[in-house]
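In: how would this look folded up:
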Amino acid sequence: MMLARRKNMVLLLGWGILGVLLASPVRATELKPQTVAAFDEYVGAAEARMGDDLREDHFLVVDSLPDPTRQEIYAHLWLGQVYIQPLRTLKDGRPIHVPDGLIHHWVGVIFVPGATISNVMDVLGDYDHQRDIYKPDVRKSRLLDQNGNESDFFEQFYNKSIISVVLNANFEAYYTPLHPARAEIRSYSTRIAEVQDPGKSDERELPVGNDHGYLWRIYSYWRIEEKDGGVYVQVESLGLSRTIPAIFALLVRPLLRSIPEGYLTRLLDNTRKAVEDSSSRNLADPGLQRASRTAEPGKPLRRSYSGSDTNSSPH
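Out: Next comes the predicted model:
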C-alpha cells in the first residue's frame, strides 16, 4: 500500500512538472540547426535499417523477431490486438545524440481480416476525410496537390493531455508499390506551426521553429502487406520535440512515452475501422479476389487488382 501511494505521488508530481514545463509561456524555445542536423542523421540511419529489413525480407517489424515470439505476436494480431513497441536506432553501434531535442521513435502493427491493399489505400489516400477518420487527433485535413504517386496534404493536429495543443502541419508523401502483395508509403512533414489561442478571435500561428517545441518534425513510414486472408498495416513513426531538463527527466520521460504510444494506438485502431468499412462496401464487387483464411502464416497471397490501386494517394 505504501509503495502504491509513493508511486502515485511520483506520477502526480511528474504530471505537475510536465504541466509547468509545457504550459508556461516563458518556456518557449527555438529549434536549433544542430538539433535538425542530428535528427536528419538519425533519420538517415533509421531509413538505412529499413532498407536492410527489405533486403532481408523482414517487411514487418514482427518478421525480425525470433520464431516463438514472432508466431505468438502474429497470433495476437489475428485476434485483433495492436502490437506497439518503441525503437532506438544506432549508428555504427552507438546512440545518436540529439542536442536540445527528443526523438520519439515507435512502430505499430495491426491485422485487418478480409481486407485488401486497395481497401487500405482507399483510407490512407482519402485526405479530405482524414479529419473524420482520425478525429479527434486530426481536426482539419485536405489534399493540396497530387502528381502520380506523390502527394502534398495538410492536417491540423489536436492533442489534450495536461494542456491543449493545436498544430498546423504540411506533408509530402510518396507511395511505392513493391509487388502485388506489398506497398510502402513515406510521409514527411515539411512545415509544422503551433497555433496559439485556437478557436479564439486572436488565433494565430507562432513562428515555425520558435514555439513551445511540442512537435517539430513527424515522419511516418507505412508498410502494407496482404497475406493470411487479410492485410497487415504497419506504421513506423519518427518525431522530434524539445528536450526536457535533466533534473526532471526521470519523472517526465515515462509520461512523454505514454503520449506517442497512445496516439499510435488510436491511429491504428481508427485505420482498422475505416479499412473494415471500405472492405464491407466492396464485398459485393466480383472483381475483388479474397485471399483464403487457411493460408500459411508469413506467406504472401497474391491477387489481381486494377492499376488504379498503384495511383492512390498516400498518407
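In: mind listing the strands for the protein?
Out: Ranges of strands in the chain, per DSSP state E, are 29-30, 83-86, 90-91, 94-95, 101-113, 138-147, 150-160, 164-179, 182-196, 204-205, 210-211, 217-227, 230-242.
In: Go through those strands and find the least confident stretch.
Out: If these are sorted by mean pLDDT, strand 29-30 sits at the bottom with a mean of 89.
In: sorry, back to before: JSON lines for the strands of the chain, including distance to Leu60?
Out: Where you see a C-beta, it was placed from the backbone N, CA and C, and this is true even at glycine. Formatted as JSON lines, the strands of the chain follow (distance: least, C-beta to C-beta, whole Å):
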{"stretch": "strand 29-30", "distance to Leu60": "36"}
{"stretch": "strand 83-86", "distance to Leu60": "9"}
{"stretch": "strand 90-91", "distance to Leu60": "21"}
{"stretch": "strand 94-95", "distance to Leu60": "25"}
{"stretch": "strand 101-113", "distance to Leu60": "6"}
{"stretch": "strand 138-147", "distance to Leu60": "25"}
{"stretch": "strand 150-160", "distance to Leu60": "24"}
{"stretch": "strand 164-179", "distance to Leu60": "13"}
{"stretch": "strand 182-196", "distance to Leu60": "10"}
{"stretch": "strand 204-205", "distance to Leu60": "38"}
{"stretch": "strand 210-211", "distance to Leu60": "35"}
{"stretch": "strand 217-227", "distance to Leu60": "6"}
{"stretch": "strand 230-242", "distance to Leu60": "5"}
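In: give me every residue that touches Asp277.
Out: Residues near Asp277 by C-beta atoms under 8 Å, 6 or more residues apart in numbering: none.
In: Sorry, slip of the keys, the one I care about is Gly239.
Out: 103-105, 215, 217-219, 260.
In: thought Arg88 was touching Val107?
Out: No - the criterion here is C-beta atoms under 8 Å, and Arg88 misses it with Val107 at 11.2 Å.
In: Which one of the two is surrounded by more residues?
Out: Between Arg88 and Val107, Val107 has the larger neighbour count (other C-beta atoms under 10 Å), namely 20 against 10.
In: which residues pair with that one across the strands?
Out: Gln85, Glu236 (DSSP bridges).
In: For Ile119, give me its contacts.
Out: Quick fix: residue 119 reads Asn, not Ile. Neighbour list for Asn119: 112, 231, 275, 278-279, 282 [criterion: C-beta under 8 Å, 6+ apart].
In: swap the cut-off to 7 Å and go again
Out: Asn119 makes contacts with 231, 275, 278-279, 282, as judged by C-beta atoms under 7 Å, 6 or more residues apart in numbering.
In: mind checking how far it is from Gly199?
Out: 35 Å (C-beta to C-beta, to the nearest Å).
In: How about Ser118?
Out: 38 Å.
In: these two touch, right, Asn168 and Glu205?
Out: Yes - taking contacts as C-beta atoms under 7 Å, Asn168 lies within contact range of Glu205: 6.3 Å.
In: Was I right to think Pro86 contacts Val107?
Out: No - using C-beta under 7 Å, Pro86 makes no contact with Val107, being 8.2 Å away.
In: Looking at Asn168 and Glu205 now, which is surrounded by more residues?
Out: A direct count of neighbours by other C-beta under 10 Å for Asn168 and Glu205 places Asn168 higher, at 18 against 14.
In: got a list of what the residue most central in space within the chain touches?
Out: Centroid-nearest residue in the chain, with C-alpha atoms, centre = their mean: Ser237, separated by 4.1 Å. By C-beta under 7 Å, 6+ apart, the contact list for Ser237 reads 106, 220, 260, 264.
In: sorry, back to before: Glu172: which of the contacts of Gly239 is nearest?
Out: Checking these against Glu172 with C-beta to C-beta, the nearest one is Tyr219 at 10.2 Å.
In: Write down the beta-bridge partners of that closest one, one by one.
Out: Going by DSSP bridges, Tyr219 forms beta bridges with Tyr188, Leu238.
In: Could you do Ile192 as well?
Out: Bridge pairing for Ile192 - DSSP bridges - gives Ala169.
In: Let me know whether it touches Ala169 as I believe.
Out: Yes - counting by C-beta under 7 Å, Ala169 is a contact partner of Ile192 at 4.8 Å.
In: got the CA positions of stretch 68-75 in CSV?
Out: Output in CSV follows, covering the C-alpha atoms of stretch 68-75 (Å, rounded to 0.1, in the frame of the first residue of the first chain):
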residue,chain,number,x,y,z
PRO,A,68,8.5,-18.4,-31.0
THR,A,69,8.0,-14.7,-30.3
ARG,A,70,7.1,-14.0,-33.9
GLN,A,71,4.4,-16.7,-34.0
GLU,A,72,2.9,-15.5,-30.7
ILE,A,73,2.6,-11.9,-31.9
TYR,A,74,1.1,-13.0,-35.2
ALA,A,75,-1.5,-14.9,-33.2
